[in-house]
Structures are given as structure tokens and as C-alpha cells.
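>>> Model the following, please.
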Amino acid sequence: MKHLFTLFLFLKCIFHVNAQVVSISKLDASGFPEMKAKFYVLDSVRKQVLPSVDELTLTEIGISRVITNVNYPTPSLPLALSSVLTMNISQSKSIGPDGVTNIEIAQAGARAWIQDLPLGISECALTSFDSNSYLHQDYTTDPARLQQTIQSLSPNNSAKNFDVGLLLPPAGALQVSQRGNFKRVVILLTDGLPSIGPNTSDVIAEAYKQKCTIYIITLGYTCPFNLKELAMQTGGQWYENVTTKQQAEVVYRKIMQLYIPITSGEITWTSDITCQREYNINTELTWQSTTGYINSASPTSAFASLKVNPSFIGYGKRLPSTQHDTTITLTVKDADFTISGIKQVAGSAEFSVVNTTFPLIILKNTSKSITLRFAPNDSGLTYASFELETDRCSGSFCTYGGFPGKTSASSFLKLTQPNGGETFVIGRDEEITWSGIAPSDTVRLEYSNDGGITWSQISDHASGLKYTWENVPSPQSVQCLVRIHQNASMVNTDSVRTIAGYQSERLGVSFSPNGEKLAMAFQGGVSVYDAFTLTQTGILYISTYVDGVAYSPDGGRIATASADKTARIWDANTGSLIYSLQGHTGEIMTVAFSPDGSTIVTGSEDKTVKIWDANTGEVLHTLKDHTKQVRGVAYSPDGSRIASASFDSTLKIWDAHTGEVLLTSWGNDDLITDVAYSPDGSKVATSGFDRKVKIWDATTGTLLGSFIAHTGYIKSITYSPDGSKIATACGTMDTYGYATVKIWDATTYSLLRTLKGH
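Numbers count the residues shown, from 1 in each chain. Predicted coordinates for the structure are as follows:
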């Protein structure tokens, strides 16, 4: 432990003399949109400066804000010092780029100290040493006498007896400092290695006795460890390789600033409502080229929003030459909106917005309706997407209608890149893009290099409205064409959608009860998405792995389980932390709300299950019967029981009210990874490292059936809402590089569908 402490002090003393500081803290949003915060600014010598409004800039989440006022209190009085400046200068030659001697560098630093020292309340003495010590000026508050003494200093001889210079009479620095009346400080400046001493233990003991702090400055060479130790052990700092007068002045002034209290001012600025919903606002304050940062929870009133409901409209199978209207509700929050128009960005003209006049003004926290009409010309499946043009937040909706498997005669599928005249380079990757269909719909891409006589396939399952054509093949040709076909047989209005952009493992997902939001856990937090548009609406920042996430039954809260042994409960609407659940001694692996939302259950690496009061965060029960980490927990639909799955290969059913173990199932061959209750509460399904799904009688613990579901271990399992299906997620990739999700018949255990793409 002693070595660690020494290392900490050693690192503390290494710093850059030219570093400016801008600090901003204690943000006050109570008067939103007027915002306030405490701040201070230090220049390169750590001296506090008081910049004006015009000298500062401020941004919130990258958006420039207008600073309306800065206010500074009366500065605090500096600490009274009794300082001894002691020097050992034996070199008169130039060592630095300024062409000055060492004694001139030492004099410049001492002058800077005297200039900044508040001599009305502080005192200073000057000494030097070689093989003897010399008192040039005893303690005085007279700046003229001190400056005159500094000017008269001359180099010492080559001897460097540091015990004489620091400890011994007649004029060792600590001999002089003991006569000081205030906070005692010794600043030792030298241009060479010690020839004798210092006796560090004796010097440190005397400094402790006097409560004296020692600072070391070396000119033109690296500070030796015994001098560093004097500084470190007495609470001081050391500065090495000083070679110019300017550097010496900066060092002395930097030491001085350590004894002048910093007083924070107050800055006021005008914020604004934004559509960029961030649960944590990053505010940046800049002076000159230096920036200070503060991350804070954002006020709920800071965000405007435009909600389109529904945002995805499915008309289903509609006959040609009929007309069908759907009402779409536009709801705005915390700001007035002006919608200047609704633009169709892709798809068929068979969809249109009717009976709506623009500009459409929607007042704060109110709603208005628009009408979307579908008038199909044929029975083919068709699609369209629309964007709302507003003065604040954007909004969008998309729609489809028609008969699956039938291609519309009025298809709006269009190749947008290339569109004629481009040059694709052989061997390079080129991008092909298209529009007019749903991004999830697949297309077949083909090319010809003989003007369309023969065609070769590029891809038969491209989607996402773009495709990267890798390694464009030879031969060279000026008759190249690209064409696109919609895969009618693969069009699927229930298509799987992909959230892109993750750089870390997805560790858990949870839909909100109304299906409108999707919370996804990852390393470092939880991202919240609009489940229809898949646009990110917020982030819950947690500085560790998040292993589990769950929405409360009313959708108002989100529970997270993380590797720091803590579960957290968040407000799902504002993203603010409500409280933390602490009590586990190991990583929390899983979390779930009770059906009525009154309690929360967690499972941990510490082999326990804990039941918490969801309103107070109080631990109600700790369930101790597993012998290895608990990987999955689930409430029965009526909330009376809790199932837990563990790496000890057991499934346990507990009384949710008393914490009593009701039954233990031993029929597993390997580690159990997850557990799920059937919607009627009669069965429990488990998944494991043995690749198997096992179905148990929830009352007796009898094994009802099992089947091998994947080629690798199963990470998670769940029932469909009607109990007819079971979904399993594989924790490893198959031979084709996919991690799969499989849908099973819950009665026959037959495979219904395999989803790939993870």
C-alpha cells in the first residue's frame, strides 16, 4: 500500500506549466429556459481570471447558446505565507535558448514570486548555499528590499551541500522558516546534483514539525529522486528542466496560485427547447482555446416532441378501385408546432394525405388529425413513406397495402444509383441504391456488359435500399447496365427490421407494454428506440456492462441489471434515475418486474435472488439456495411465484411473498441460462448450454418435454403472448456466421421459423 501511495504522489507532481483551466459545475435548470451554473477560469500559471461575457462561448449538445450574464463575487483573501526562497546557483553560463545565465533565470522566477506575493499579509526571506549557507534577507514585508536583494544575488561555488542549505544553521532554509508567522513554504531552486545530502528523513521530519511545505525547481536537468521525495513527502511539488526566464516565472506563479483561494462566479445563459432527446445534456464552456464540460440530467421541459400515431399504417388486402381512409393523430409536446406540409418521399401515388390545409398549427401539448387515403389501382402490394415538414422536430410515417405476393402494376421501384453516365472501376467496391419500396423488402440486382443482351446476377436478396457491389468484375465495357427487380415472393409485411450501428454486444432487450418503445442493453448503458421507426429516442448511461433490462407493466419505469453489482430504476419518460438497488455482492445478471409492478426480482453472480419493493427500493427477501450464479428470473403471470435458473443446473420455484423454496428441478444436464413462464402459468421453459429447451410442470416440477434447439448454447428463451410458440436465441454463431433466433410450436416442439441476421 505504501508503494501505491508513493506512486500516486509521484504522478501528482508531474504537470504541464502551460495548462489553462475552465471549470463549470452545479448546473441550475430550475428557471428553464434560463440556465445557471458555477464556473471559474485559470490562466497558464493557474491564476484566476475573470472573463467577460464576450470572452466566453457556451454550447449545449453542440448547439450554441447566448450567454446573458456573468457575475463574480468579491475575491477571497489570499492565504498569508511565510516563504523562504533558497537558491544554489553555481553555473553562470547560458543553458537555455534565451541566451541568459542560470542566475538570471533564478532572479526572474524570484521577482515573479515577489510581484504576486500579497506582502501586506505575507512575508518572505531569501537564502542561498554552497558548502555554507547565507541569509541575504530575513523575513520582511518590504517588496523594494526583496527586489534589491534579488538583484544583488550572484552564483555560488560548485559545492552543493543540501543539508547545509536546508537543515543546518546558520541559514538553512528550515532554520529561517521556523521564525515564520504564517503558513511556511520553502522554494528551493538549484542547477546541479547534490554533492552532499540531503538527509531526507531529517529534512522531512523538520518540515513536518514546522508544517512546512517544500517545492523543488531544477534548472536544465532532471530532478533527482531524493529531491522529489522532499517535495512529495511534505505536500509540495517539483518542477524539472526549467531553461528559460519565462518558464521560471510560470513555475513560481503556479506555486503562488496554490495559496490563493478560487472563487466561483455564476454564468447565466438562455437555453432552448430541442428535439434531440438526450437524457444527459453535455454543456461546454470555452475561454480562449480551453473548454470545460459538465454532464447533467436534462430538465423534462427542455424537449419538444412530435408524435405520429400510428406511424406505420397497414391497410392489408384491399380491392382495386376502392377508397380507404385512416386518421393519423399528430401530438406535440412542450412547444407550438407549425407543419408547413407533408412530403411523400417514396412509394406509390395511390397513397395521399387529404382534407388537410397547410400551414397546420398545433399548439403546445395538443393534437390535430390528418387523413391518409389509400386508393389502389390494382391488387399488387405497394408502399409509401411520408415526412412532415415542420419548424421544429421532424416526423414521419409509412404505409403499405395490397395483396402479398402480387406486384403492383404501378410499382414505383426506381434505381437511383447508378442512373446513367457513372463509371464503375473494375476491382473496386461501388454502391447501388434504389427507392420506392419498403427498406425491408428484398430485390434482385443484375448487370449486363453487352447492352442488355445477357445478364448476370449481383445479388438476389439485397435490402435496405442500398447494396455495396464488391469487387466490380471485368471485362471493361461502355455498354454496362444495371437493373433491379422486386422479389415479390419475398415481400413480407411482417418483415424483420434491423437496428444498425452497434459496436458492442447487445446484452438484453425489452419492449414497452404498449409496443411503442424498445430498450436495448449494451456495454455502457441502455438505448431506447421508437419501435416503429427504429430511431433512437434516448440513452441511459451506465459506466459498465448492462446484463439485463425490463420495462415495468405500466411502461413508466425501466429496470437495469449491471456488472457493478447494482440494479437501477429509471423514469422511462425522462430518463432520470429514480433509485439504485444495492445489496448484491456480485454482478447482477437478470432483472424482472412483477406483473402488478409492485416488486422487482434480480438474480446475481453471488448465487442469490433478491426481491425488492419497486416503490422504495427496499430489499424484501434474499433467496439463498442456488450454489452458482443465477442467470434468469421470471414471475408467474399471477405474481405469486418466481422461477430462477442457475449455472448450478437447477430450476427453482419460489413463493414470491415469503421467499420460500417451493420446488427444485434437477433434470438438467448442463448450465441453465434462462427461464420463462407460459402465459397461463402452467408451464416453465428453460434453456441451457446443452442446446436444449426443457418444458416443466410449474406446479410439480415434472419434466414434460425437451428438444435440441440450436447448434450452440441457448442464451435466452420466451413464450409468445398467446402461449402457442416459444422463441429461443442462440448464443453462438452457426457455420454461416449467423446467430439465430428460432420460433417453435410450444405443443409439438416443431420448428416454425428461423430468423438470421444477428
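
>>> Need the three-state assignment for residue 201.
helix (DSSP: H, G, I helix; E, B strand; the rest coil).

>>> got a pLDDT number for it?
On the pLDDT scale, residue 201 is placed at 94.

>>> Equivalent analysis for the one 10 residues further on, please.
Per-residue pLDDT puts residue 211 at 96.

>>> can you check residue 215 too?
Here, the pLDDT recorded for residue 215 equals 97.

>>> Secondary structure element for it, which one?
strand 213-219 (DSSP states H and E).

>>> Check which element follows that strand along the chain.
Sequence-wise, the next helix or strand downstream of strand 213-219 (DSSP H and E) is helix 225-233.

>>> Can you give the strand pairings for the helix or strand that comes right after that following helix, parallel or anti for each?
As assigned by DSSP H and E, the chain's next helix or strand after helix 225-233 is strand 238-242. Strand 238-242 pairs in its sheet with strand 213-219 (parallel), by DSSP bridges.

>>> could I have the strand it pairs with exported to PDB, CA atoms only?
Output in PDB follows, covering the C-alpha atoms of strand 213-219 (Å, rounded to 0.1, in the frame of the first residue of the first chain):
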ATOM      1  CA  THR A 213       5.800  22.600   2.500                       C
ATOM      2  CA  ILE A 214       8.800  22.300   0.300                       C
ATOM      3  CA  TYR A 215       8.900  22.900  -3.500                       C
ATOM      4  CA  ILE A 216      11.800  21.900  -5.700                       C
ATOM      5  CA  ILE A 217      12.900  23.600  -9.000                       C
ATOM      6  CA  THR A 218      15.800  22.200 -11.100                       C
ATOM      7  CA  LEU A 219      17.400  24.200 -13.900                       C
END
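
>>> and the angle from that strand to helix 225-233?
If you take axes from the mean of the first three to the mean of the last three C-alpha atoms, to 10 degrees, strand 213-219 sits at 140 degrees to helix 225-233.

>>> Residue 692: neighbour count?
Other residues near residue 692 number 20, with proximity taken as other C-beta atoms under 10 Å. Using the backbone N, CA and C atoms, a C-beta is placed for each residue, glycine as well.

>>> That one touches residue 703, doesn't it?
No: counting by C-beta atoms under 8 Å, residue 692 does not reach residue 703; the two are 10.8 Å apart.

>>> Who are the contact partners of residue 631?
The contact partners of residue 631, by C-beta atoms under 8 Å, 6 or more residues apart in numbering, come to 589, 590, 603, 645, 646, 647, 671, 672, 673, 674.

>>> Lowest pLDDT pick from these?
Scoring the contacts of residue 631 by pLDDT puts residue 671 last, at 86.

>>> How far does the strand holding residue 215 sit from its chain's centre?
40 Å (C-alpha atoms, centre = their mean, to the nearest Å).

>>> Residues touching that strand, excluding its own?
So strand 213-219 is contacted by 89, 91, 95, 102, 105-106, 109, 166, 183-191, 203, 207, 223, 227-228, 230-231, 234-243, 248, 251, 255 (C-beta under 8 Å, 6+ apart).

>>> can you pull out the helices in the stretch 201-350 of the chain?
Counting by DSSP state H, counting those that start in this stretch, one finds helices in the stretch 201-350 of the chain at the ranges 225-233, 245-257.

>>> can you tell which of those helices is closest to residue 708?
When the helices of the stretch 201-350 of the chain are compared by C-beta to C-beta, helix 225-233 sits nearest residue 708, at 63.9 Å.

>>> Render the CA-only coordinates of the closest one in CSV, please.
Presented in CSV, the C-alpha positions along helix 225-233 are these (Å, rounded to 0.1, in the frame of the first residue of the first chain):
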residue,chain,number,x,y,z
PHE,A,225,14.6,11.3,-6.7
ASN,A,226,15.8,12.4,-3.2
LEU,A,227,14.8,15.9,-4.0
LYS,A,228,11.5,14.8,-5.5
GLU,A,229,10.9,12.9,-2.2
LEU,A,230,11.3,16.0,-0.2
ALA,A,231,8.6,17.7,-2.2
MET,A,232,6.3,14.6,-2.3
GLN,A,233,6.5,13.8,1.5
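
>>> Which elements pack onto that helix?
Counting contacts by 3 or more C-beta pairs under 8 Å, 6 or more residues apart in numbering; DSSP states H and E, helix 225-233 packs against helix 2-12, helix 200-210, strand 213-219, strand 238-242.

>>> Give me the buried positions along it.
With burial defined by 16 or more other C-beta atoms under 10 Å, the residues of helix 225-233 counted as buried are 226, 227, 228, 229, 230, 231, 232, 233.

>>> Ok, stretch 31-41 next?
Within stretch 31-41, the residues that count as buried by 16+ other C-beta under 10 Å are 32, 35, 36, 37, 38, 39, 40, 41.
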